[in-house]
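Colleague: Need a 3D model of the following:
(chains A and B)
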Amino acid sequence: MGAIINPFILYGLCVLGGAGVCLALPRGGRTPQVIGALLAALIGGAALLFLGVKAGHDHPNYYFYVFSLIGLGAGLRVITHPRPVYAALYFILTVIASAGLFLILSAEFMAFALIIVYAGAILITYLFVIMLATQAPEEGEIEVLADYDVNAREPLAATVVGFLLLALLTSMIFKGIGNLPGPGNALGKDVAANMPLKAERALRSAGLIKAGETVSMINLEEGFIQIQDLDGQFQKIERRDWPKSLESTNIEHVGFNLLRDHPGTIEIAGVILLMAMLGAVVLSRKQVQLDEEAKRAQAHRLGLIEREGGSA
Amino acid sequence: MSDLLTLAQSGYPAPIAGVTLAHYLFVSAAMFVLGLIGFLTRRNLIIMFLCTELMFQAAGIALVAFGRYHLNFHGQTFVIFILTVAAAEAAMALALVVLLFRRKESLNAEAWQDLKG
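Modeller: This next block holds a predicted model:
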């Protein structure tokens, strides 16, 4: 397979995109940020569009282009917005766009886990810390952004390094890679055979087995499910009669993969989370210095003062 | 065994067509590079850590795309571990940032450049 995209066009796009990002980085209002951001967005769009034309299928996947443009554009705003709160909010947009990409890749569980964990938990923690660590302007004072937020450090050098890396990566990526396999292909090992209870529930709700009958065997190779009725008689349900609710979902596949193939890694992940929790508690603990009056007020509120007074 | 799977996958959205693995890898690489540039250029400690999260995100897209390409679920499973590491990293990093902010009353990374030794 030949390259999808000519490497020289690719390097040109990388140079232009790098120039756009470099202009878009905040430099105290000395560069036309808007023009830079527009340039970078246009280059990203052009690259994706070019890929869409070159991929040459009868119907391109519009959702992919929409989600990836939103994701990359919001990512650009994360690194160029001078206000940290807005940067965090744009990052949430990036997370939502990548969740959309995961949905197209039929990874539904990961898409929603991403939104819940990233957008719902991690980013909220970031927002809290941003709000804790910035001083509010005094009454009647105009808010001034900090110098370190307004001025980027070495924007030219960093962009050159970044887009050199991107050019290298993409020139390897586009050395011709086939299409993603269509939805008709086998997606992992089948897990339905391991779930007789689920099969029984699905068959029962489809009305294929009556009260008192149970599933005795699931044979996927030959394609039948054997059920046993009250008198001990066996019956077969052929594959063509299987109900649609018997299909295994993405979350079942991920769960089986997680627990059957990577049990040790789960343990390690648990230890990492525990250590992180302990570390965060130890790091952020602070000895609060109270003066005598505050101590007395605290003691009074806790009801300690009466006891003290009684003993004195 | 494939008939049950065909049944299972008939509900999936068809529009995989027209998009190759390279498309996803391009998006992933571009997002990673944006995160890298942000980490190198921004001077606000919190935004620097936000940029590492952007890089995590890019790695996750690449993993899921590869998993889809090879038709297994290891990629998705490893995104779960990426989420774990990202959560642990966020907890530790933000605790450190709060600690550093209390010392110097500033989020500027260059306030700590005497640490470079």
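
Colleague: Tell me how many other residues crowd residue B:56.
Modeller: For residue B:56, the neighbour count with other CB atoms under 10 Å in any protein chain shown is 21. Heads up, the C-betas are built off the backbone N, CA and C, glycines and all.

Colleague: doesn't residue B:88 make contact with it?
Modeller: No - using CB atoms under 8 Å, residue B:56 is not in contact with residue B:88, being 11.4 Å away.

Colleague: With just CA atoms, put stretch A:100-119 into CSV.
Modeller: Only the C-alpha atoms of stretch A:100-119 are listed here, as CSV (Å, rounded to 0.1, in the frame of the first residue of the first chain):
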residue,chain,number,x,y,z
GLY,A,100,-17.5,11.1,20.8
LEU,A,101,-14.6,9.5,19.0
PHE,A,102,-14.7,6.5,21.3
LEU,A,103,-18.4,6.1,20.5
ILE,A,104,-17.6,5.9,16.8
LEU,A,105,-15.0,3.3,17.6
SER,A,106,-17.8,1.4,19.4
ALA,A,107,-16.2,1.7,22.8
GLU,A,108,-19.3,2.9,24.6
PHE,A,109,-18.2,2.1,28.1
MET,A,110,-15.0,4.0,27.8
ALA,A,111,-16.8,7.0,26.3
PHE,A,112,-19.0,7.3,29.3
ALA,A,113,-16.3,6.4,31.8
LEU,A,114,-14.2,9.2,30.3
ILE,A,115,-16.9,11.8,30.7
ILE,A,116,-17.7,10.7,34.3
VAL,A,117,-14.1,10.3,35.5
TYR,A,118,-12.4,13.1,33.5
ALA,A,119,-15.0,15.8,33.0
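
Colleague: average pLDDT across that stretch?
Modeller: Mean pLDDT, stretch A:100-119: 90.

Colleague: where along the stretch 51-200 of chain A do the helices fall?
Modeller: Using DSSP state H, counting those that start in this stretch, the helices of the stretch 51-200 of chain A run over A:62-80, A:84-104, A:108-114, A:123-132, A:147-150, A:155-173, A:196-205.

Colleague: and the fifth one, is it in reach of chain B?
Modeller: Yes - Helix A:147-150 reaches chain B (CB under 8 Å from any CB of the partner chain) through A:147-149.

Colleague: Give the buried residues for that helix.
Modeller: Of all the residues in helix A:147-150, those buried under the rule 16 or more other CB atoms under 10 Å in any protein chain shown are A:148-150.

Colleague: Could you do stretch A:129-148 as well?
Modeller: A:129-130, A:133-134, A:146, A:148.

Colleague: ok, so of the residues you listed, who is nearest residue A:9?
Modeller: Distance ranking of those against residue A:9, using CB to CB, places residue A:148 first at 37.6 Å.

Colleague: Report the contact partners of the closest one.
Modeller: Residues near residue A:148 by CB atoms under 8 Å, 6 or more residues apart in numbering or on different chains: B:43-44, B:106-110.

Colleague: Quick one: these as CSV, columns for pLDDT too.
Modeller: As requested, the contacts of residue A:148 are exported to CSV (pLDDT from 0 to 100):
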residue, pLDDT
B:43, 87
B:44, 89
B:106, 82
B:107, 84
B:108, 85
B:109, 84
B:110, 84
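
Colleague: Kindly identify which of the residues you listed also come near chain A.
Modeller: Here is what survives when the contacts of residue A:148 are matched to chain A using CB under 8 Å from any CB: B:43-44, B:106-110.

Colleague: Among those, which lie within strands?
Modeller: Applying DSSP state E to those, no entry is found in strands.

Colleague: Adding distance to residue A:290 and neighbour count, write these out as JSON lines.
Modeller: Shown next, in JSON lines, are those (distance: CB to CB, whole Å; neighbours: other CB atoms under 10 Å in any protein chain shown):
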{"residue": "B:43", "distance to residue A:290": "35", "neighbour count": "19"}
{"residue": "B:44", "distance to residue A:290": "32", "neighbour count": "23"}
{"residue": "B:106", "distance to residue A:290": "26", "neighbour count": "18"}
{"residue": "B:107", "distance to residue A:290": "27", "neighbour count": "23"}
{"residue": "B:108", "distance to residue A:290": "30", "neighbour count": "17"}
{"residue": "B:109", "distance to residue A:290": "33", "neighbour count": "16"}
{"residue": "B:110", "distance to residue A:290": "34", "neighbour count": "11"}
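
Colleague: hmm, back to that, please identify which of the buried residues of stretch A:129-148 is nearest to residue A:239.
Modeller: residue A:129 (55.2 Å).

Colleague: can you list the weak-confidence ranges in chain A?
Modeller: Chain A contains residues with pLDDT under 70 at A:1-5, A:29-31, A:49, A:51-61, A:136-138, A:140, A:174-193, A:221, A:287-288, A:304-312.

Colleague: 50 - rerun?
Modeller: Chain A contains residues with pLDDT under 50 at A:1, A:58, A:184-189, A:310-312.
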